[in-house]
Structures are given as structure tokens and as C-alpha cells.
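**Student:** Sequence and predicted structure are below.
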Amino acid sequence: MVSNDGQSKYDAIVIGSGQGGTPLSHYLAQQGLDTALIEKKHVGGTCVNEGCTPTKTMVASARVAHIAGRANDYGVNTGDVQVELSEVRKRKRDIVESFREGNLKRIKDEPRLVLIRGTGSFVGPHSLNIKREDGETSRVQADRIFINTGARPSAPPIKGLEEVNYLDSTSIMELGEVPEKLLIIGGGYIGVEFGQTFRRFGSEVTIFQRSSQLLPHEDRDIAAEVEDILEEDGINVELNSEVERVEEMRNGKVQVMASGDGENVRREGSHLLVAAGRAPNTDELNLETTGVRTTDRGYVMVNEKLETDQEGVYALGDVTGGPAFTHISYDDFRVLRDNLFGDGSGTTRDRLVPYTVFIDPQLGRVGLTEKEAREEGYEIKIAKMPMSKVARALEVDETRGVMKVIINEETEEILGAAILGIEGGEIASAIQIAMLGNLSYKTLKEGVFAHPTLAESLNNLFANVD
């Protein structure tokens with residue numbers, strides 16, 4: 001529909017086709033609203049194109065290389081393991097393309113949903129200019145606008161970094177050959193996943209982490225276990241290492257200079273990965289024309305119903321600065337769905353935030369850490385057990401890691417869990433189900449689980465409550 005002033009008028013506009021925006025646009029259209037979905041690059045957002053889907057296909061290839069290298073441990077002789085990174089990349093690209101095309105087909109098949117290729121920029125609270133791929137500009141408007149523009153890799157202010165041809169979490173997946181020596185700035189979730197992956201592909205890997213532990217949001221004992229696993233895999237971990245400068249050498253290699261613990265560290269590598277943060281994609285939105293407030297870092301400010309300060313304008317997904325996980329973006333869609341078309345009970349307040357770090361073994365997490373529980377004033381008990389005590393892990397010779405669960409001493413309900421072990425994400429999900437049902441930990445302690453499975457380890461885990 002075109003209004004009197006020449007603008008295309010829709011009932012709703014969704015800016016960004018991420019894992020919250022895409023299902024939201026479908027749902028709006030299915031409710032009878034003429035909906036425009038604006039996407040500047042690839043349908044599917046970060047998850048499908050640069051995040052979950054491509055990284056986990058590469059992690060899977062790295063695990064195959066690792067298991068093949070351990071074949072003799074199982075009495076199997078496979079010979080030398082050779083990784084063809086170009087073939088790993090092709091497999092990754094094929095899977096991403098299939099997911100992307102599937103999303104596109106579903107959008108095209110939705111009668112009231114229109115995909116507009118281009119970059120959206122506000123010219124008022126409910127109007128946007130769209131700079132299309134062909135350079136043409138058009139204007140659209142709607143009473144309801146949903147911002148789902150996500151976030152992108154960002155780099156810290158390190159001297160010399162702008163003069164170095166460094167990699168980020170997107171570009172590293174486009175390499176066609178295995179780096180000889182990979183230096184990584186950042187020991188968070190992205191840094192450790194890529195560090196282990198490329199070590200298994202054959203790279204020498206060094207991780208520089210500015211704090212005293214890897215994965216700063218985790219309990220120190222869990223982070224220490226992760227560090228032990230990475231070092232066992234042959235990764236050099238430099239903790240308390242503040243990277244002060246990087247420079248490109250005459251031989252084409254890159255050198256990283258860091259300081260910490262009274263020492264100066266220099267490392268030379270063939271490639272540099274910067275995995276030290278992300279920034280919201282709000283710089284092109286021209287939000288100052290809308291009344292929508294942002295944080296100092298540029299994230300859109302929303303309340304627990306994902307409403308901005310401007311009536312009829314909402315935001316969801318990574319652009320809000322909340323937990324940057326695909327499943328949280330999708331839950332943001334559910335919150336909006338329930339508030340706009342349901343009973344109005346949708347809220348982001350107090351929701352469980354599960355996630356899995358896809359190192360090997362996996363780190364599955366849900367709920368509070370021990371540190372968070374104590375800071376919030378809970379009287380707690382802790383159930384903890386090494387994976388070397390799990391029968392199934394012993395049978396498949398995957399005994400690295402530890403299981404840890406935080407329990408409310410008063411109610412006996414589970415407050416949080418960290419499962420670092422084979423299929424840790426799946427075990428953490430089983431514990432999450434118990435949390436959703438407000439079950440006592442004793443229910444799992446006495447539960448009958450099939451033998452021999454990993455779930456059966458919950459019996460012994462909860463027999464170790466301290």
C-alpha cells in the first residue's frame with residue numbers, strides 16, 4: 001500500500017532477519033498484518049551465516065580429526081590424519097547455503113510478508129529510508145517497527161591493530177589453508193572454540209587473555225578445568241596478558257606484544273584472530289530521529305517486554321545487549337508474540353539462560369554460577385563430580401571435565417549447573433528441565449535412568465551434595 005506522501009505503508013516492519021526477527025515477521029504476517037522484512041545482507045542473521053551454523057560445522061570437522069588421531073587408543077589403526085581446510089570450508093559453505101535458501105523459500109511462500117533487500121535508516125519514529133542493493137532509495141512506514149539488527153565482531157583499541165591484516169570470527173572461517181601459528185586475542189567463548197578447533201586442524205595456537213582466567217563469566221574452578229583441557233590439547237594459554245601492541249613483520253608474519261604478572265611476552269604468528277568483543281549494529285539506524293534511547297555502547301534500551309521509549313518501536317535479539325544466544329533471540333520473539341497477540345504475560349525477567357560452549361568436551365551451562373548464587377545471598381549446597389567417575393564416559397574414553405550443580409539449601413531446588421564433559425550441553429538441558437519443574441535435586445538423585453547413559457550420572461552426582 002502507498003500512502004499520499006509516496007511512502008510504502010505496512011502494518012509492521014522488521015529490521016533484520018535474525019533468529020528473532022525472521023519468525024516474528026512470519027508470525028505477524030500470519031496474523032493478517034502486511035509485513036516488511038528488511039535485510040541488508042544474508043537472510044538468517046548471525047546464527048545461520050557467521051555464527052552457530054558455520055562454526056559448529058567446523059567444530060564437528062575438528063572433532064573428527066581429533067578422534068581419528070586418537071584411533072589407536074581404541075585399538076583402531078587409521079594412519080596419519082590430514083586436514084584439508086578447503087574441504088572443511090566447502091562443507092561449511094554448503095550447509096550455510098542450504099539453511100539460508102530454506103529461510104528464503106519460507107519467506108517467499110508467506111503471502112503477506114515482503115522481503116526488502118537494503119539498509120534501513122529511520123527518518124522519524126515510524127518511517128525508514130531504505131537504501132537498496134541497487135543504490136536506489138525508497139521510504140517505508142508502519143505503526144509497529146521491530147529492530148533486530150544484531151551485532152558484529154569488534155576490536156579493542158590496541159596499538160598497531162589497524163595496520164595488521166587480522167582475522168575476526170567471520171573471516172577466519174573463510175581460510176583455505178590451516179594457519180601455521182595462530183595467535184588469538186581473547187579467551188572468551190569465541191576464542192576458546194576457535195583455538196581448540198584450529199589446534200585440532202594442525203595449527204600452533206596461543207591464546208592471550210587479559211584476566212586471570214579463561215571464560216570470565218564462569219566459576220574459577222570450571223575455567224581452570226577448561227584451561228587444563230586446552231593445554232592438554234597443546235594450546236598455549238597466556239593469562240593476565242594485556243596485549244599492548246601488534247605489528248606486521250617483514251616476513252609477513254604478525255607479532256603480538258603483551259604484558260602481565262611483571263613479564264613482557266612476545267609471540268610471532270602466521271595469523272592473528274581478534275576475539276575480544278562485539279558491537280551492536282545500530283550505527284546506521286539513525287535512532288536519534290526516533291526517541292529510542294541506546295546505551296553508551298550503542299545497544300537499544302528496552303524494558304522486560306522489549307519495548308523501547310518510543311511507542312510502537314520494539315527491539316529484540318543481540319541488539320538489546322542481552323544474552324547473545326540464538327535461543328534467547330527466539331525467546332524474545334515469543335515475548336513479543338505473547339504481549340502483542342496473547343495474554344500480555346511475556347517477559348524477559350528471570351528467564352533461564354542456558355548455553356553451551358562447543359569446546360570438546362562441551363561446557364553446558366544454565367542458571368546461576370556458584371559466585372552469582374553467593375552474591376545473591378543464597379545459602380547453597382554444591383554437587384560436584386569429575387567425569388572420570390561417570391561409567392559411560394569411561395566406556396567411550398572421554399573422561400575429561402567435571403559436573404557441578406548449585407542447589408538452594410532451603411528449598412532443595414537447583415539454582416544452576418555447569419557440565420563440562422562429553423555431551424555437556426545435553427546433560428545441562430536435562431538438569432534445566434528439572435529446574436523448569438521446580439524439582440528437588442533428590443528427585444534426580446533417586447531417578448531411574450537407562451544404563452549405561454550419561455544421564456545416569458545424575459544419580460551419583462547428586463549423591464555428592466556438600
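**Tutor:** Perfect, I can see it now.
**Student:** who does the closest residue in space to residue 179 that isn't next to it in sequence bridge with?
**Tutor:** Spatial nearest neighbour of residue 179, excluding adjacent residues (CB to CB, 6 or more residues apart in numbering): residue 271 at 4.0 Å. Any C-beta I mention is one placed from the backbone N, CA and C, and that applies to glycine too. Taking DSSP bridges as the rule, residue 271 bridges to residue 182.
**Student:** hang on, residue 271 packs against residue 168?
**Tutor:** No. In this structure residue 271 lies outside contact range of residue 168 using CB atoms under 8 Å: 11.6 Å.
**Student:** So which of those two has more stuff around it?
**Tutor:** residue 271 (21 against 18; other CB atoms under 10 Å).
**Student:** Using the three-state scheme, assign residue 459.
**Tutor:** Following DSSP: H, G, I helix; E, B strand; the rest coil, residue 459 is assigned to helix.
**Student:** My guess is it contacts residue 449. True?
**Tutor:** Yes. Residue 459 lies in contact with residue 449 (CB under 8 Å); the separation is 6.8 Å.
**Student:** which residues of the protein score low on pLDDT?
**Tutor:** Along the chain, segments meeting pLDDT under 70 span 1-6.
**Student:** so where do the helices sit in it?
**Tutor:** Taking DSSP state H to define them, one finds helices in the chain at 21-30, 45-49, 52-69, 85-108, 189-201, 220-232, 326-341, 370-375, 391-395, 424-436, 441-445, 457-462.
**Student:** what packs against the second one?
**Tutor:** Looking back up the chat, that one is helix 45-49. helix 85-108, helix 326-341 (3 or more CB pairs under 8 Å, 6 or more residues apart in numbering; DSSP states H and E).
**Student:** The first one vs helix 189-201, what angle?
**Tutor:** Compare the direction of helix 85-108 with that of helix 189-201 by axes from the mean of the first three to the mean of the last three CA atoms, to 10 degrees and you get 140 degrees.
**Student:** what does the last one give?
**Tutor:** Counting by the same axes, to 10 degrees, helix 326-341 lies at 140 degrees to helix 189-201.
**Student:** Now do the buried residues in helix 326-341.
**Tutor:** Using 16 or more other CB atoms under 10 Å as the burial criterion, the residues of helix 326-341 that qualify are 326, 328-337, 339-340.
**Student:** Also compute the angle for it relative to helix 52-69, please.
**Tutor:** Using the same axes, to 10 degrees: helix 326-341 against helix 52-69 is 150 degrees.
**Student:** ditto for the longest one
**Tutor:** Following the same axes, to 10 degrees, one obtains 150 degrees for the angle between helix 85-108 and helix 52-69.
**Student:** Now find how far off-centre helix 85-108 is within its chain.
**Tutor:** 19 Å (CA atoms, centre = their mean, to the nearest Å).
**Student:** Residue 221 touches residue 403, doesn't it?
**Tutor:** No. Taking contacts as CB under 8 Å, residue 221 lies outside contact range of residue 403: 11.8 Å.
**Student:** neighbour count winner among these two?
**Tutor:** residue 403 (28 against 14).
**Student:** which residues does the more buried one contact?
**Tutor:** 383-387, 390, 417-421, 427, 457, 461 (CB atoms under 8 Å, 6 or more residues apart in numbering).
**Student:** now, which of those sits nearest residue 437?
**Tutor:** residue 417 (14.4 Å; CB to CB).
**Student:** Return the residues in contact with that closest one.
**Tutor:** So residue 417 contacts 364-367, 403-406, 428, 431-432 (CB under 8 Å, 6+ apart).
**Student:** Would you format these as JSON lines with distance to residue 267 included?
**Tutor:** Shown next, in JSON lines, are these (distance: CB to CB, whole Å):
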{"residue": "364", "distance to residue 267": "32"}
{"residue": "365", "distance to residue 267": "30"}
{"residue": "366", "distance to residue 267": "36"}
{"residue": "367", "distance to residue 267": "37"}
{"residue": "403", "distance to residue 267": "34"}
{"residue": "404", "distance to residue 267": "33"}
{"residue": "405", "distance to residue 267": "38"}
{"residue": "406", "distance to residue 267": "37"}
{"residue": "428", "distance to residue 267": "34"}
{"residue": "431", "distance to residue 267": "39"}
{"residue": "432", "distance to residue 267": "39"}
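**Student:** Just give the nearest non-adjacent residue to residue 363, would you?
**Tutor:** residue 357 (4.0 Å).
**Student:** for residue 55, that is, sorry about that
**Tutor:** Nearest one to residue 55, counting by CB to CB, 6+ apart, is residue 193 at 6.5 Å.
**Student:** was I right about the one you found contacting residue 62?
**Tutor:** No. Counting by CB under 8 Å, residue 193 does not reach residue 62; the two are 9.5 Å apart.
**Student:** The residue nearest to residue 463 when sequence neighbours are not counted: neighbour count?
**Tutor:** Excluding its sequence neighbours, the residue lying closest to residue 463 (CB to CB, 6+ apart) is residue 445, at 6.0 Å. As a burial measure, residue 445 scores 16 neighbours (other CB under 10 Å).
**Student:** contacting residues for residue 445?
**Tutor:** Contacts of residue 445 (CB under 8 Å, 6+ apart): 458-459, 462-463.
**Student:** Compute the first-to-last residue distance for stretch 267-274.
**Tutor:** Start-to-end span of stretch 267-274 (CA to CA, to the nearest Å) is 15 Å.
**Student:** Then stretch 439-456?
**Tutor:** 17 Å.
**Student:** Buried residues of that stretch, list them for me.
**Tutor:** 439-441, 444-445, 454-456.
**Student:** same thing with stretch 19-27?
**Tutor:** 19-27.
**Student:** ok, now stretch 142-150?
**Tutor:** 142, 144-150.
**Student:** Thank you, goodbye.
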